[in-house]
Every structure is written in C-alpha cells, then in structure tokens.
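K.L.:
Structure of the sequence below:
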Amino acid sequence: MLSEIAKENLNIEVNILTDQVLFARKETSSYPFKINYFVNKDVFKEKPVSFFYLKSKDSIIDDYQKIMAKLKSYGKKIPILSAHESLKSFQVVDSSFSPENLFSSGIYQNNIIFYDNVMNLGGIINYDSNNLKHYNLTQSSKKIYDLPLVFQFENRELLPHDDFLKMSQESKSTEIKLNVVTVFENMAYSQFTISKLFRNLEKEDSFDLISFGYIALKEIKDDEKLSNIFDLETYDSYINTDQIIFEKKPYRLGLAIYHPFVQIINKHQFITNIYRDTDYIGEATFDLSKDLQKLSISKIDLKVEVKYIYPNIIIDDDLYYLNKEMLDELTGEGIITLKKRTVF
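P.N.:
The predicted structure is shown next:
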C-alpha cells in the first residue's frame with residue numbers, strides 16, 4: 001500500500017502502529033511522505049500480522065480497493081494546506097484588501113498567511129488573537145533587477161536599474177509583479193516576474209521592456225520575522241523559470257494566476273503545469289536541489305489537462321477559503337473569515 005501511495009504522489013500522512021519501531025523506520029525510510037510511528041506490543045498479540053485501515057471522520061475502512069479510491073480522491077483535492085478546527089471561528093475587520101482577491105498562502109505557527117496581488121498587499125492573521133497585520137509586496141528591487149540574464153539578446157543592451165526607475169516614473173511601468181506566495185511546512189515559494197529595460201541598438205532612441213519569470217525560495221526560520229515572506233529581497237535563492245531543459249527541449253512554468261503548484265510532494269519536489277512557448281504541454285514533476293539553487297524536471301505527463309488551482313485550507317476533509325464580506329463599499333471596510341467551499 002505504501003508503494004501505491006508513493007506512486008500516486010498522494011499528499012497525505014501515514015500512521016504506523018508497530019511493535020518494532022526501529023525496524024519499521026528502516027523499512028519505510030525511503031517513502032516521500034510524512035510517517036508517524038506509534039508503539040503498542042499488545043495489539044500484535046491479538047493480531048500478529050500486518051494490517052491496514054483508513055479512518056475517515058467517524059468511519060473505518062479496511063478494504064484495500066476502497067482505501068485507495070478514498071486516498072486518490074483526497075489527492076484530487078490537492079491538500080496543499082492544513083489547519084486546525086479552531087480556524088473556523090476567526091474573524092477580523094479590514095479596510096485594505098479587495099474582497100475578490102484574497103489567496104491563502106499557507107499556515108505557520110497559528111498564523112494564516114495570505115496575499116492580494118491586485119492591491120499588492122500581504123496579510124498575516126493570528127487566528128488565536130484575531131489579529132491582522134498588513135505588509136506591502138515587493139514591487140521594486142535593484143538586487144532582483146540585477147539578477148544575471150539567462151538569455152543573450154542580440155542588439156540589446158541592458159540598462160541600469162536607475163534608468164528603469166526614471167522610465168517607470170514617466171510610463172507607470174511595473175518592475176516586479178509578485179503573482180503567487182506559497183508556504184509549505186517551513187518553506188516559502190514565491191513566483192514573480194521582473195521587467196528589465198533594454199536599449200535597442202538597431203534603432204535610435206528605441207527601448208524595450210522584457211519580462212522574466214522566477215521562483216524565489218526561502219527557508220522560514222523561527223527567529224526571523226514572518227513578514228519577510230512578502231519581501232523578495234530576503235529570499236535565499238532565485239531560479240529563472242522561462243527556460244528549463246528536459247531531454248534537450250526547453251520548457252517553462254506558466255504564470256500561475258492562483259497557485260503555482262498542482263501538488264507539493266515534499267519541500268524539494270512539486271508538480272505543476274508546464275508550457276512550450278505559450279502552449280500548455282502537460283504536468284511536470286520538478287526537483288529542487290538541496291541548496292535551493294537549481295530546478296530540474298524529472299518527468300512530464302503529456303496526458304493531463306490543464307488545472308487551475310485554487311489555494312484552499314482543509315479542515316476535516318472540507319475545503320475553506322478566505323472571504324471578505326463587505327460592510328461599507330465606500331471605505332472598503334469588511335470582515336475576513338473562512339468560508340466553506342461548496343463547489344470544487
């Protein structure tokens with residue numbers, strides 16, 4: 001059963017009850033999902049052979065086929081985020097976020113992390129204290145503007161960041177657009193685009209704006225401000241996603257509107273939509289190096305239809321999303337709560 005769970009890339013936890021925990025750890029150490037171990041020697045006096053069951057709410061399932069069908073249905077829900085029952089009751093008053101664009105990033109130490117990429121705002125709600133704090137998303141950075149080019153452009157000269165700032169003040173051009181922020185365990189993944197200004201050497205007084213896609217990666221440390229998740233300059237690494245070579249062919253990650261990942265397998269492996277130029281190709285399994293400096297494709301499934309992923313918070317197998325109910329349209333005041341998603 002564990003091999004089948006791994007094969008299906010199901011994002012679940014497995015509890016193992018054993019009378020020999022060291023042996024159980026040894027035999028299951030290679031599986032890419034979370035395993036919890038419990039010791040009870042008395043159980044195996046009554047039932048001395050291996051057995052398995054699935055507890056789903058108040059029911060117990062011990063049929064293999066039914067268990068796998070149930071687990072696969074969980075996989076289709078894409079349980080990226082998890083939460084405690086107490087989350088259902090929080091509510092905070094806000095007058096800054098737009099009601100239609102609240103996207104949950106993840107949960108970390110009793111905090112709901114979310115963002116609004118229309119208002120360019122991030123938010124952190126402590127659901128124990130019903131406290132909400134606002135943070136600006138990164139919109140400009142010389143450090144990120146100066147990241148090395150991954151493409152060589154003929155007859156184009158990259159201009160300094162100061163030149164871009166002068167031009168953007170006149171044309172109102174966007175430098176950095178932070179599209180997605182995702183938190184999984186103690187890792188933050190942010191997908192963004194950076195626009196750079198080039199001089200066209202073939203035409204006098206001609207300039208081009210060219211955008212590049214990146215994923216920024218960051219390990220969340222306990223002694224660090226959680227709000228740094230919204231500050232791209234504090235991230236550990238930046239990986240261009242416009243050209244990733246697999247079997248001698250270039251691919252790119254799509255610009256996710258809602259969520260960059262179809263499924264996160266573990267902190268260094270995820271599945272997402274893949275493109276050739278502007279054409280959707282299928283789903284790809286990506287591997288991150290341990291130092292977070294390289295991103296590679298290990299597998300592409302060409303038969304999968306494109307998925308548009310809505311980030312959800314899961315409580316007892318039910319899906320919830322952040323909802324802002326407006327109280328005053330003129331001032332933007334409203335109440336942010338969790339609302340159960342009735343259609344997936």
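
K.L.:
Centre of the chain to the helix or strand hosting residue 123, how far?
P.N.:
Using DSSP states H and E, residue 123 sits in strand 121-126. Distance of strand 121-126 from the chain centroid (CA atoms, centre = their mean, to the nearest Å) equals 16 Å.

K.L.:
so what does the next helix or strand after it touch, helix or strand wise?
P.N.:
For strand 121-126, the following helix or strand on the C-terminal side (DSSP H and E) is strand 131-136. Here strand 131-136 touches strand 92-94, strand 121-126, going by 3 or more CB pairs under 8 Å, 6 or more residues apart in numbering; DSSP states H and E. For glycine as for every other residue, the C-beta is placed from the backbone atoms N, C-alpha and C.

K.L.:
hang on, the earlier thing: so the strand holding residue 123 versus strand 131-136, what angle?
P.N.:
160 degrees (axes from the mean of the first three to the mean of the last three CA atoms, to 10 degrees).

K.L.:
Let me see the mean pLDDT of strand 121-126.
P.N.:
Computed over strand 121-126, the mean pLDDT rounds to 95.

K.L.:
can you pull the buried residues of stretch 324-335?
P.N.:
By 16 or more other CB atoms under 10 Å, the buried positions in stretch 324-335 come out as 324, 332, 334.

K.L.:
burial count for residue 54?
P.N.:
By the other CB atoms under 10 Å criterion, the neighbourhood of residue 54 contains 18 residues.

K.L.:
surely it meets residue 15?
P.N.:
No - applying CB atoms under 8 Å as the test, residue 54 and residue 15 come out as separate, 10.3 Å apart.

K.L.:
Low-confidence bits of this protein, can you list those?
P.N.:
In the predicted model, the chain carries pLDDT under 70 at residues 1-2, 4-12, 33, 43-51, 53, 55-59, 62-86, 255-260, 309, 343-344.

K.L.:
still on that earlier bit, how about the CA coordinates for the strand holding residue 123, as CSV?
P.N.:
Coordinates of each C-alpha in strand 121-126 appear next as CSV, following Å, rounded to 0.1, in the frame of the first residue of the first chain:
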residue,chain,number,x,y,z
LEU,A,121,-0.7,43.6,-0.2
GLY,A,122,0.2,40.7,2.0
GLY,A,123,-1.5,39.8,5.3
ILE,A,124,-0.9,37.7,8.3
ILE,A,125,-3.8,36.7,10.6
ASN,A,126,-3.1,35.2,14.0
